[in-house]
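# Attaching a predicted model along with its sequence, questions to come.
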Amino acid sequence: MKELKDWSKTLTGIKELGTEETLSLYSEILATAHDIGYKVPDECLIETEDAAKLKAVIPPLHEGLIAFHAAAKADAKEKKAVADKKAAKKTAPKKPAKTVVQKGAKETTKMAKTAKVAAPAKKVAKGKAPAKKGAKKAAAANARKPAGDGAARNPFGEKAVIRVLTKENPARADSERGKRIAVVLKYNGKKVADYYAKEKAPFNRTDTLRYLIDNEHITVK
């Protein structure tokens, strides 16, 4: 299981964060929770631009996320150990048979010896460390795009499409949330990249999409 980013240092100075930084931090943690399958508690799943309210729910959300990831990682490690143990039993070489030759009252035992051929070591170019397989791919997958308008804030990918699952706006149409949701509903069957590119703040927010996804009002795939 891949390593999880730890926002502990950022949370130490959370009181000093501005509104945009707080919104970006909350959105990033929500996106990570969604990626690893962590069910965000209802009390931590809020949609607001009030930095004070967000700062109140971010620490417990972060603690729950870290605990969930640690438990999932331990479980994966245990399962891997069991699988490796089973595989080792299947591939373990059988003990060579003993040949006994009698000479009068004495017995001599001959053991078959198996020569081990070492695999040739790979040459490493001078001054260069061997690259780990998949390291670049993993780094690219874990990289987060910087907060901002348009495609730079899109964590879903350029080809992701919005599918609306509900016919009516789940919020009051005249509320701030209702207005933002109404904008999202207009993008049914369209790319989420268009939503980020064409709509301006506060109508192109990632947390609005996360709220609708987690409450099964839309899908983004």
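Everything's here; your move.
# where along this structure do the strands fall?
With DSSP state E applied, the chain shows strands at 98-103, 106-111, 162-164, 218-220, listed in chain order.
# Going by mean pLDDT, which of those strands comes out lowest?
Set side by side, the strands of the chain give their lowest mean pLDDT on strand 106-111, at a mean of 48.
# what number of residues lie near V192?
Residues contacting V192 under the criterion other CB atoms under 10 Å number 25. For glycine as for every other residue, the C-beta is placed from the backbone atoms N, C-alpha and C.
# where's it relative to D207, distance?
Going from V192 to D207 by CB to CB, to the nearest Å gives 14 Å.
# now swap in A33 and tell me
The span separating A33 from D207 equals 12 Å under the rule CB to CB.
# tell me, what's touching the two both at once?
A shared contact of A33 and D207, defined by CB atoms under 8 Å, 6 or more residues apart in numbering, is any residue touching both; here there are none.
# excluding its backbone neighbours, what's nearest S27?
Distances taken as CB to CB, 6 or more residues apart in numbering place T206 nearest to S27, at 4.5 Å, with adjacent residues excluded.
# count of neighbours near that neighbour?
The tally of other residues near T206 (other CB under 10 Å) stands at 21.
# per-residue confidence for it?
92.
# ok, now P120?
The predicted local distance difference test score for P120 is 53.
# again, but for A31
As predicted, A31 sits at a pLDDT of 92.
# What pLDDT is listed against the closest residue to it other than its chain neighbours?
The spatially closest residue to A31, leaving aside those adjacent along the chain, is P155, at 4.9 Å (CB to CB, 6+ apart). The model reports P155 with a pLDDT of 91.
# thinking P155 is in contact with T206, fair?
Yes. The pair P155 / T206 is scored as a contact, 6.5 Å apart, by CB atoms under 8 Å.
# For V40, which non-adjacent residue is spatially closest?
Nearest-residue entry for V40: A33, 5.3 Å, with adjacent residues in sequence omitted and distances by CB to CB, 6+ apart.
# Look up how far V57 lies from that neighbour.
Summarising the geometry, the distance separating A33 from V57, computed by CB to CB, is 12 Å.
# again with V192
From V192 to V57 the distance is 25 Å (CB to CB).
# How about K73?
Noted for K73: a distance of 24 Å to V57, by CB to CB.
# Compare these two and say which one has the larger neighbour count.
Neighbours per residue (other CB under 10 Å) separate K73 from V57, with V57 holding more: 18 against 15.
# residues contacting the more buried one?
26, 43-44, 46.
# picking up where we left off before, who are the contact partners of the residue nearest to V40?
39-40, 61, 65.
# Select only the buried ones of those in ChimeraX?
Typed into ChimeraX, the next command selects the buried ones out of these (criterion: 16 or more other CB atoms under 10 Å):
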select :40,61,65
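# so what are the domain limits for this structure?
Here the chain is described, according to automatic domain parsing, as comprising the domains 1-111, 146-221.
# Just name the most buried of the ones you listed.
The densest packing among these, expressed as mean neighbour count by mean count of other CB atoms under 10 Å, is seen in domain 146-221 with a mean of 16.
# about what we covered before: can you list which of the contacts of A33 are found in helices?
Using DSSP state H, 61, 65 are the members of the contacts of A33 that sit in helices.
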